[in-house]
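> Let's see this in three dimensions:
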Amino acid sequence: MIYKDSSISWIGQIPIHWNTLSVSKAYQVTLGKMLQPNSNNENDVKTPYLKAMNVQDGYISLEKIDEMYCSANELKMLNLEVSDLVVCEGGEVARSAVVKEKLEGFIFQNSVHRVKSSEKGNTRFLHYLLIVLRASGFINILVNKATIAHFTKDKFNSLKIALPPLNEQIVISNYLDIKYDEVEILIKNKQKLITLLEQQRQSIITEAVTKGLNSNVKMKESGVEWIGEIPEHWEVRKIKDVGNVYSSNVDKKSVEGEKEVLLCNYVDVYYNDSITVNLDFMKATAKVDQIKIFTLKKHDVIITKDSESPTDIAIPTWVSQDLDGVVCGYHLSLIRCAESVLGHYLYYALESVQIREQFYTRANGVTRYGLSKEAIKNGLIAVPPYNEQLQIAEKLYADNKEIRDMTEKVKAQIEKLKEYRQALIYEAVTGKIDVREMEID
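Next up, the predicted model:
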């Protein structure tokens, strides 16, 4: 195949029979309706609408659908038909999905563009082109993502693209639809494997922190329904009886006159099983009394105490070493264990979703949830003798590492599949490979 320069940086060379043109020359782009929460007259009707969050990568999510008022004419002019392309104007700009089933009575808000095909342009082909545009990073320059990003109608219409003849667009789109779905099935299977691994991890942890490691030990009722039976020599205790609870008031601000510190913040806790010196802590400042209380010590346990979701409450991590100069940050609570309780064991007790669920109902809030200091202090856990805590923590550390390592390998495989799919899309929609003669299984 003979190639020529497209003069489009994110596309590069294209086959000589392809043409470069602006989107407006091949497609009809319509921006949606500004939100109208109230009727303007008695003829207005309330109708469901799509917004940017409903437009996901390659599919339309109908999980959270809102309604607005519109006129009968707007309902007709802003309808959505099969094969229309919907594209995000705001939010994740240029994210797109083809309408695959009729959305009767739906319109779309002005955070979404509707694109219709023509004799020059196929919407499925444009969808794949927009995937390439986003992956190239050029979209960030186009919409100035350093500020609030908007992929306006003018910017969309003036976007330069390269198109083959319409019949070739359809062949390429058919090929990519099949290949995309093939890779998606592989990705979903691997995601299911990750879910199964996490279920296995949770089962191992919960069994160990409620039943112990000796399956032959004599059991007794714990008196707590969601803990169930525990070994006869174990106790059920409140967190306030096994350690001190401190709710951090150290924020991210740097204040003149305060001492500079490193801050262990919410994401450090949420995404890490343990807190070590190797983490990239942010810089902040703190008062002397805050540093005294919240400097991290080996076997401290830190939990999230505020979140937009109750299921993200009480996510724990464990401090594996003394960290002078690192303090526990805002939206977190620090639990400093008594000598009779091993912090590493407490971490695993709270890592069990079965144990952690007690905090979900104690969290206060409507749009944002918070866990009070008293709610944390009154949390219940099953506590074995100290030497057994050591054995359980060591066993769970080894098991946890093995499963986490397996999970990371699967995640890496998923990323490789996504990279392969992205490369395939780029090669096909820029003409680097000719799919017209390729056999599709």
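> hey, let's count contacts and neighbours off CA atoms from now on
Fine.
> mind pulling up the phi and psi values for the residue nearest the centre of the chain?
Central residue of the chain (Cα atoms, centre = their mean): residue 271, 11.9 Å from the mean position. Per-residue torsions, residue 271: phi -100, psi 0 (degrees, to the nearest 10).
> pLDDT score assigned to it?
Here, the pLDDT recorded for residue 271 equals 95.
> so how far is residue 264 from it?
12 Å (Cα to Cα, to the nearest Å).
> so how far is residue 315 from the residue nearest to the centre of the chain?
The gap separating residue 271 from residue 315 is 9 Å, by Cα to Cα.
> Following the helix ranked longest in the chain in sequence, what is the next regular element?
Counting by DSSP state H, the longest helix found in the chain is helix 166-211. Once helix 166-211 ends, the next helix or strand along the chain (criterion: DSSP states H and E) is strand 219-221.
> Run the chain-centre distance for the next helix-or-strand element following that next one.
Next helix or strand after strand 219-221 toward the C-terminus (DSSP H and E): strand 229-231. Here the centre of strand 229-231 is set off from its chain's centre by 37 Å, with Cα atoms, centre = their mean, to the nearest Å.
> Strand partners (parallel or antiparallel) of strand 229-231?
The pairing partners recorded for strand 229-231 under DSSP bridges are strand 219-221 (antiparallel).
> would you say residue 246 is within a strand?
Yes. Assessed by DSSP: H, G, I helix; E, B strand; the rest coil, residue 246 belongs to a strand.
> for it, what are its contacts?
Shown in contact with residue 246 (Cα atoms under 8 Å, 6 or more residues apart in numbering): 293-294, 333-335, 373.
> per-residue confidence at it?
So residue 246 comes in at 96 (pLDDT).
> Could you check how far it is from residue 327?
For residue 246, the distance to residue 327 equals 12 Å [Cα to Cα].
> any residues in contact with both of these two?
With contacts taken as Cα under 8 Å, 6+ apart, the residues that reach both residue 246 and residue 327 are residue 294.
> re earlier: what packs against the longest helix of the chain?
helix 123-136, strand 229-231, helix 343-351, helix 353-360, strand 380-383, helix 386-429 (3 or more Cα pairs under 8 Å, 6 or more residues apart in numbering; DSSP states H and E).
> 7 Å instead?
When contacts are defined as 3 or more Cα pairs under 7 Å, 6 or more residues apart in numbering; DSSP states H and E, helix 166-211 sits against helix 123-136, strand 229-231, helix 386-429.
> Using JSON lines, please lay out these together with mean neighbour count and mean pLDDT.
Below are the helices and strands packed on helix 166-211 laid out as JSON lines (neighbours: other Cα atoms under 10 Å; pLDDT from 0 to 100):
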{"stretch": "helix 123-136", "mean neighbour count": "21", "mean pLDDT": "97"}
{"stretch": "strand 229-231", "mean neighbour count": "21", "mean pLDDT": "97"}
{"stretch": "helix 386-429", "mean neighbour count": "16", "mean pLDDT": "97"}
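> hang on, the earlier thing: now a PyMOL select for only the buried ones of the contacts of residue 246.
Buried members of the contacts of residue 246 can be picked out in PyMOL with the line below, counting by 16 or more other Cα atoms under 10 Å:
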select buried, resi 294+333+334+335
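> okay, the contacts of residue 246 in a markdown table with distance to residue 182, pLDDT and secondary structure next?
Output for the contacts of residue 246, formatted as a markdown table (distance: Cα to Cα, whole Å; pLDDT from 0 to 100; DSSP: H, G, I helix; E, B strand; the rest coil):
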| residue | distance to residue 182 | pLDDT | secondary structure |
| --- | --- | --- | --- |
| 293 | 54 | 96 | helix |
| 294 | 50 | 97 | helix |
| 333 | 45 | 96 | strand |
| 334 | 46 | 97 | strand |
| 335 | 47 | 97 | strand |
| 373 | 49 | 94 | helix |
